[in-house]
Every structure is written in C-alpha cells, then in structure tokens.
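Generate coordinates for the sequence data below:
(one chain, ligands or ions: 1)
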Amino acid sequence: MYILNLEERATCPTACRHYRSCYGNHMQWLQRMEVGPDLMWKLPREVALLSIDHPNFVVRLHGMGDFFSCEYVALWRVLLERHPGLHVFGYTARTDDAIADSLRALARDIGWSRFAMRVSNGPFPLRSTVTIESVRQKPVGALVCPEQVGKTESCSTCALCWQTERRIAFLQH
Ligand code: SF4
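Okay, here's the model as predicted:
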C-alpha cells in the first residue's frame with residue numbers, strides 16, 4: 001500500500017469540517033507533495049513503475065490533502081483505466097463543486113472495488129466517514145477505525161476502508 005500526501009488546506013475545500021482543526025496540524029514532519037505540473041508529470045511514471053513491481057496494489061488518496069482540480073481527478077481516471085492492478089481508497093471533503101462531480105463520475109464508472117472514495121463527515125451511512133471524540137459517540141451502523149483503538153497495526157492489516165461501504169468513525173486527534 002502506498003500513500004500520497006498533499007498539502008492540507010491548500011488543496012481542500014473550505015467547507016471541510018476540519019479545515020482549521022485538521023489532524024495535519026500535528027504532523028509537521030510529514031512530507032507533502034507539491035501540486036502542479038511536476039506532480040502531474042511524475043504520477044503516471046511512478047504508478048507505471050509500481051504496476052511493474054506489483055500485480056495488485058493500493059494507493060491511499062490522500063493521507064493528507066484533497067483532490068484539487070478536475071484535471072487531477074481525470075489523471076486518476078486514466079491511471080485506473082491503464083493499470084488494472086491499481087486500487088484506490090481514501091476520503092474527500094468535496095461534495096458540491098465540479099471536482100466533486102468528477103469524483104462521483106469516476107466512482108460510478110470504475111466501481112467501489114477499485115475506487116473506494118468516502119465523503120468525509122458525509123451525512124449518509126454508506127461510503128462516508130464521521131469524526132467522533134469518544135467511541136461511545138459512534139453512530140449506529142458505523143465502524144470505529146480498528147487502528148485507532150489498537151485492534152490492528154495499519155491500513156494494510158485492516159483493509160476495512162475498501163472492503164466495506166459502511167461508515168468509518170475516526171477518533172478526533
Ligand atoms: S478503518 Fe482500517 S483501512 Fe480505514 S483508516 Fe482505519 S486502519 Fe486504515
């Protein structure tokens with residue numbers, strides 16, 4: 001599994017519930033990739049190399065940051081169509097702009113099994129996440145992230161985010 005981190009806030013919609021309280025506030029050492037032409041040039045080459053090494057692999061979009069343009073979403077469409085072994089999972093706070101429309105179209109065309117993209121703090125019980133301050137606040141039907149409560153080591157040993165459509169509850173950092 002590979003993780004792509006982008007700059008928080010600069011790539012995120014201001015409507016994000018955690019725009020100011022982003023968990024990235026506590027991760028000053030995490031490397032964020034700078035968005036722009038260099039990233040758009042580099043990504044296809046890096047994904048092509050990964051697909052040579054791995055018949056199947058997962059990319060988390062994003063550990064930090066969000067989809068920042070329709071062109072960027074279109075690039076992931078090309079990569080998913082080009083590399084059958086590529087699987088993407090992640091979270092977005094985009095819900096009501098052209099980028100959100102592009103993401104919905106991509107999810108519809110590619111399918112959940114290869115593009116498991118959840119809406120952060122989405123107001124629906126499937127394909128969404130919710131942030132809570134205590135496990136006792138877990139909404140009915142949601143699953144608390146097992147890594148956060150010491151029940152698994154990492155996303156690689158968990159896989160819930162792309163194996164179930166049920167809402168995932170994250171403990172607020
Ligand atoms: S629920 Fe599992 S896959 Fe999702 S973020 Fe937590 S550890 Fe990772």
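
Identify the single longest helix in the protein, thanks.
For the chain, the longest helix by residue count, based on DSSP state H, is helix 37-53.

Which positions in it come out as buried?
Across helix 37-53, burial judged by 16 or more other CB atoms under 10 Å covers 39, 43, 47, 51. (Each C-beta comes from the backbone N, C-alpha and C, glycine too.)

what does stretch 117-134 give?
Judged by neighbour count (16+ other CB under 10 Å), stretch 117-134 contains these buried residues: 117-122, 127-131.

Let me know the closest of the residues you listed to Cys161.
Arg118 (7.1 Å; CB to CB).

Just say helix, strand or coil for the closest one.
What DSSP: H, G, I helix; E, B strand; the rest coil gives for Arg118 is strand.

so it makes contact with Thr129?
Yes. Between Arg118 and Thr129 a contact is recorded at 5.2 Å, counting by CB atoms under 8 Å.

quick one, helices of this structure?
37-53, 70-82, 98-110, 155-158, 160-163.

of those helices, which approaches Val140 most closely?
Closest to Val140 of the helices of the chain is helix 160-163 (CB to CB; 17.1 Å).

Now do the buried residues in the closest one.
Under the neighbour-count criterion of 16+ other CB under 10 Å, helix 160-163 has 160-162 buried.
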